[in-house]
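S.K.: Sequence and predicted model, in that order:
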Amino acid sequence: MKEILPLLLGGLVLFIYAISRLSRTMQEISTEKAKQVVSKYTKTLFLSILVGTLLTILLGSSSAVIIIAIVFINAGTLKFKQAIGIIMGANIGTTFSSQLIALDIGKYAIVPLVIGMTIEFFAKRETLKKYGNALFYFGMLFFGLFVIEQSVLPLRESPLFEKWMTRIDENLIQGTLLGGLITLIIQSSSATVGMAIVLGKQKLITLVGGLVIMLGSELGTCSDTLIATINGSRQAIKAGLFHLLFNFTTILMGLLAFDYFHRLVVFISQNQALENQIANAHMLFNLMGVLVFLPLVGLSEKLLNHWLPDKLGTT
């Protein structure tokens, strides 16, 4: 364990740092455009979902997109009703990174690292330098995952780890809470799901274990968006609460119908590798969550407006 921990923590730090910097760099490149897109193309729920999905794929972080939406609400650019679709779309968009992680491209991470660093050093234009930065952090993200993947190899021989993973398989609630706790600590659902996928690659986790950790990550990711609403407007607070309500409801549904969901993932994935099955489950869960929750959007909006009515004079 002493040999595993430094590499594991090092890889995790690289991965989380890369996600944070990549998201921030992409925001610097596209924030002004994002403002225009958000204000223009969020008039209907379905357009808002599409915008949330595309922005999350672009920025690489659902939390970043939801926090941007909260910032826009506080700035008066966006209303709570428009943010609902963006939040739901962000949950779909974040599954794109899981599909990338499931591809075995960590060993090629050196390519975007070198190209990105070269652009940053030699480019004259500031915009081009930022694109070089983004490419560099993209490479760092997958290099961090590669380091994590290599660090967990010795766990194959650990009876203690095997016993621990068996307990997760046998207790769905415990596994879900563990996924939520990990996400709460590292503040990245992508990193939590990424770790589950990496463990799947090494056959250190079962599909059941991967699914419950993924479910937990959906709950843990609500923490940073709730923090972002502190001292915000009531509309911003309602957006943060909607994110929590949406994720909690879909997780509860997922746990109640867990056996059926597990079978569906196996059926859709066919003979794909375990890591691909976990990534597919992440995408399937979030797509189904949005579809199942659509009829409840109006009711959720009314409840939150009733619990937290806007102050007199606000719109």
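M.R.: Thanks, I have the structure now.

S.K.: I'd like the distance between Leu226 and Leu50.
M.R.: Separation of Leu226 from Leu50 (Cβ to Cβ, to the nearest Å) stands at 25 Å. (C-beta placed from N, C-alpha, C; glycine too.)

S.K.: neighbour-wise, which of these two wins?
M.R.: Leu50 (18 against 15; other Cβ atoms under 10 Å).

S.K.: where are the low-confidence patches of this protein?
M.R.: 1-3, 23, 27, 29-35, 37, 156-157, 311-315 (pLDDT under 70).

S.K.: What segments of the stretch 101-250 of the chain are helices?
M.R.: Remark: helices assigned in the stretch 101-250 of the chain by DSSP state H, counting those that start in this stretch are 110-122, 126-151, 159-170, 172-186, 189-201, 207-220, 222-228, 234-256.

S.K.: I'd like to know which of the ones you listed is closest to Thr44.
M.R.: helix 234-256 (16.9 Å; Cβ to Cβ).

S.K.: Columns distance to Gly89 on top of the helices of the stretch 101-250 of the chain, output as JSON lines?
M.R.: Below are these laid out as JSON lines (distance: least, Cβ to Cβ, whole Å):
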{"stretch": "helix 110-122", "distance to Gly89": "26"}
{"stretch": "helix 126-151", "distance to Gly89": "21"}
{"stretch": "helix 159-170", "distance to Gly89": "30"}
{"stretch": "helix 172-186", "distance to Gly89": "20"}
{"stretch": "helix 189-201", "distance to Gly89": "15"}
{"stretch": "helix 207-220", "distance to Gly89": "15"}
{"stretch": "helix 222-228", "distance to Gly89": "14"}
{"stretch": "helix 234-256", "distance to Gly89": "11"}
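
S.K.: so which of these comes closest to Leu8?
M.R.: Closest to Leu8 of those, according to Cβ to Cβ: helix 126-151, at 4.2 Å.

S.K.: Packing partners of that closest one?
M.R.: Secondary-structure packing of helix 126-151 (3 or more Cβ pairs under 8 Å, 6 or more residues apart in numbering; DSSP states H and E): helix 4-40, helix 95-102, helix 110-122, helix 189-201.

S.K.: run the last query once more with 6 Å
M.R.: With contacts taken as 3 or more Cβ pairs under 6 Å, 6 or more residues apart in numbering; DSSP states H and E, helix 126-151 sits against helix 4-40, helix 110-122, helix 189-201.

S.K.: now the nearest residue to Gly132 once chain neighbours are set aside: how far from Lys130?
M.R.: Spatially, and ignoring its direct neighbours in sequence, Gly132 is nearest to Ile119 (2.9 Å; Cβ to Cβ, 6 or more residues apart in numbering). Ile119 sits 10 Å away from Lys130, taking Cβ to Cβ as the criterion.

S.K.: Equivalent analysis for Leu241, please.
M.R.: 34 Å.

S.K.: what's the answer for Thr229, then?
M.R.: 29 Å.

S.K.: between these two, who's got more neighbours?
M.R.: The neighbour comparison of Thr229 against Lys130 (other Cβ under 10 Å) goes to Thr229, with 22 against 18.

S.K.: mind listing what the more buried one touches?
M.R.: By Cβ atoms under 6 Å, 6 or more residues apart in numbering, Thr229 lies in contact with Ile70, Ala236, Ile237, Gly240.

S.K.: export those to a markdown table and tack on distance to Lys40 and neighbour count?
M.R.: Shown next, in a markdown table, are the contacts of Thr229 (distance: Cβ to Cβ, whole Å; neighbours: other Cβ atoms under 10 Å):
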| residue | distance to Lys40 | neighbour count |
| --- | --- | --- |
| Ile70 | 19 | 27 |
| Ala236 | 21 | 24 |
| Ile237 | 25 | 20 |
| Gly240 | 24 | 26 |
